[in-house]
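[1] here is my input; please provide its structure:
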Amino acid sequence: MAYKMNFWQILLAGGPVMWPILLCSIFAVAIFFEKIFYLNKTNIDVQNFLNKILEKMKRHEIKEALEICDAAKSPAANILKAGILKYDRPKEQIIQGIGDAFQYEIPHLKKNLTILITLANIAPLLGLLGTALGLVECFQAIQVRSQAYQVVLLGDLAGGIWQALLATISGLVVAIPAFLGYNYIAARVNNFISEMERASTELVNFLTE
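    Numbering: from 1, shown residues only. The predicted model follows:
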């Protein structure tokens, strides 16, 4: 039974597509944890951070406000800093500065998400390919035995059936967590972007009052 097989035996029994499925799993795990680390490292309480900035701005401590942004090392801080740098400019220029900062920071937040969802889509397709190859192996065994006027035994088909089932299962085992991981990270990124948009709007309103 499969639960009595070690990882290496399962990998070999699943056929050649098990290797790209394994690579998909390795890359998916690496991307997931890289994104988690990045988001945890750069995540800040945007509203609380904005309040600190506004307190400095109310006292006309522009330099101090910029220093707070530099110390935060966060996309939200960089975006707000872009607005503060244009605090004495017309509203359109402030919005343009913030918009340019968004265009620079958002790709960093979404980096590798496309690769992660691609891996989640590819893994079950590779499993399906492995299933097809396993069935081909079964029918080849049937053809060879039939041409030799021999009885087709279940053992002749076992290898192809194993390959078909293990490839399908492996593809799904990789795809399901990858989908869940993608949705979790995408939700965090979208929530972070929404917070930055609200903070940016509040900053623009404050600077143009």
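[2] give me the buried stretch members for stretch 171-191, please.
    171, 174-175, 177-179, 181-182, 185, 188-189 (16 or more other Cβ atoms under 10 Å). For glycine as for every other residue, the C-beta is placed from the backbone atoms N, C-alpha and C.
[3] same question for stretch 129-142.
    Quick answer for stretch 129-142 (16+ other Cβ under 10 Å): 129-131, 133-134, 137-138, 141.
[4] could you do stretch 104-115 as well?
    So stretch 104-115, judged by 16+ other Cβ under 10 Å, has buried residues 105-106, 109, 112.
[5] any idea how far apart the tips of it sit?
    Length of stretch 104-115, first residue to last, Cα to Cα, to the nearest Å: 19 Å.
[6] hmm, back to that, save the buried residues of stretch 129-142 as CSV, and put in pLDDT and secondary structure too.
    Formatted as CSV, the buried residues of stretch 129-142 follow (pLDDT from 0 to 100; DSSP: H, G, I helix; E, B strand; the rest coil):
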residue, pLDDT, secondary structure
129, 89, helix
130, 85, helix
131, 84, helix
133, 82, helix
134, 79, helix
137, 74, helix
138, 71, helix
141, 64, helix
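[7] which one of those is nearest residue 196?
    residue 129 (41.6 Å; Cβ to Cβ).
[8] how much space between the closest one and residue 67?
    For residue 129, the distance to residue 67 equals 56 Å [Cβ to Cβ, to the nearest Å].
[9] try residue 126
    In terms of Cβ to Cβ, residue 126 sits 51 Å off from residue 67.
[10] counting by contacts, list what the helix or strand bottoming out on mean pLDDT in the chain packs against.
    The helix or strand of the chain with the poorest confidence is helix 7-13; it has a mean of 70 (mean pLDDT, DSSP states H and E). For helix 7-13, the packing partners by 3 or more Cβ pairs under 8 Å, 6 or more residues apart in numbering; DSSP states H and E come out as helix 18-42, helix 154-207.
[11] how far off helix 154-207 does the shortest one point, in degrees?
    Counting by axes from the mean of the first three to the mean of the last three Cα atoms, to 10 degrees, helix 18-42 lies at 20 degrees to helix 154-207.
[12] what mean pLDDT does the helix or strand following helix 18-42 have?
    Going down the chain from helix 18-42, the next helix or strand is helix 46-58, by DSSP states H and E. In this model, helix 46-58 has an average pLDDT of 91.
[13] packing partners for helix 46-58?
    helix 62-72, helix 75-84, helix 154-207.
[14] ok, back up a step: I'd like the helices and strands packed on helix 7-13 laid out as JSON lines, including distance to residue 11 and mean pLDDT.
    Output for these, formatted as JSON lines (distance: least, Cβ to Cβ, whole Å; pLDDT from 0 to 100):
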{"stretch": "helix 18-42", "distance to residue 11": "5", "mean pLDDT": "93"}
{"stretch": "helix 154-207", "distance to residue 11": "9", "mean pLDDT": "87"}
